[in-house]
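>>> Would you be able to build a 3D model of this:
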Amino acid sequence: MTTEDARRQADEAEHHYRADITNVMNAVIRTCAHILDHHSNGRTWTPRAPNTHHTDLITQARREILNRLQLTIHQAEAATYAIEAHRQHHQPPHHPRRRNE
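So this is what the prediction gives:
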């Protein structure tokens, strides 16, 4: 493999990494927007039945907000870890890190 081929592959990988990171961060933002749109009044949580027992509120909070956020964040973290691992495995030893990294 020539230096030119290695550079082209590194540039393509960088493009894919950036696209993947952008996609998972967009998923996090969309999840937050969904929660705000469907489970809040303005910027505060609006339980369906606020005068219910606290255990019911906990169940509702987990079902409507916490579980959804945790799943989305877990998926975003998994994607970013996979990108980091792929990059470490495929980055040539002589490839200098870019200034903003």
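>>> Which positions within the longest helix that the chain contains qualify as buried?
What stands out as the longest helix in the chain, according to DSSP state H, is helix 3-39. Residues of helix 3-39 classed as buried by neighbour count (16 or more other Cβ atoms under 10 Å): Tyr17, Val24, Thr31, Ile35, His39. (Each C-beta comes from the backbone N, C-alpha and C, glycine too.)
>>> So which elements touch it?
Other elements packing on helix 3-39 under the criterion 3 or more Cβ pairs under 8 Å, 6 or more residues apart in numbering; DSSP states H and E are helix 67-90.
>>> Which positions within the helix it packs on qualify as buried?
Neighbour-count burial for helix 67-90 [16+ other Cβ under 10 Å]: Arg68, Thr72, Ala76, Ala79, Ile83.
>>> could those go into JSON lines alongside pLDDT and distance to Ala6?
Listed next are those as JSON lines, based on pLDDT from 0 to 100; distance: Cβ to Cβ, whole Å:
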{"residue": "Arg68", "pLDDT": "95", "distance to Ala6": "42"}
{"residue": "Thr72", "pLDDT": "96", "distance to Ala6": "35"}
{"residue": "Ala76", "pLDDT": "96", "distance to Ala6": "29"}
{"residue": "Ala79", "pLDDT": "95", "distance to Ala6": "25"}
{"residue": "Ile83", "pLDDT": "92", "distance to Ala6": "19"}
